[in-house]
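Trainee: Structural data only, the sequence is not supplied:
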């Protein structure tokens, strides 16, 4: 019988993050996951863009070499309470992180990542 490894992580320590400036989440190790989703909820009127960044090196001269994932869709939003889910079904990376790039307004952001490995 195969096992399924599941993770669920709050991307920002605490209940919610302050969106009055740019935000970068903690780093999530994904090298042993098959798929994941990021669920974000925001309130109080911020406007900006979400990005998911990846890297394949976490030490040495390329340790800070993050690349924005190209999905063909920009995750931008206007000032309104809302939520979004980003699903990644292929994870050929070592680590990921989630960013909010502020355009205007303020608010609060809660974001969780859930991931799994099938047949482990």
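Mentor: Noted; the coordinates are in hand. This is a predicted model, so every value here is computed, not measured.

Trainee: mind listing what the most centrally placed residue in the chain touches?
Mentor: The residue lying closest to the centre of the chain (Cα atoms, centre = their mean) is residue 98, at 3.1 Å. Each residue near residue 98 by Cβ atoms under 8 Å, 6 or more residues apart in numbering is listed here: 11, 24-25, 38, 40, 50-53, 111, 113. Placement of C-beta: from N, CA and C, glycine included.

Trainee: Which single one of those residues is nearest to residue 67?
Mentor: For these, the residue nearest residue 67 by Cβ to Cβ is residue 53; the value is 6.3 Å.

Trainee: so what strands line up beside the helix or strand hosting residue 48?
Mentor: According to DSSP states H and E, residue 48 maps onto strand 47-55. Next to strand 47-55 in the sheet, as set by DSSP bridges, lie strand 67-68 (antiparallel), strand 75-77 (antiparallel), strand 95-104 (antiparallel).

Trainee: buried stuff in it?
Mentor: 47-48, 50-55 (16 or more other Cβ atoms under 10 Å).

Trainee: And the furthest pair within these?
Mentor: 47 and 55 (27.5 Å).

Trainee: Tell me how far residue 77 lies from residue 55.
Mentor: 25 Å (Cβ to Cβ, to the nearest Å).
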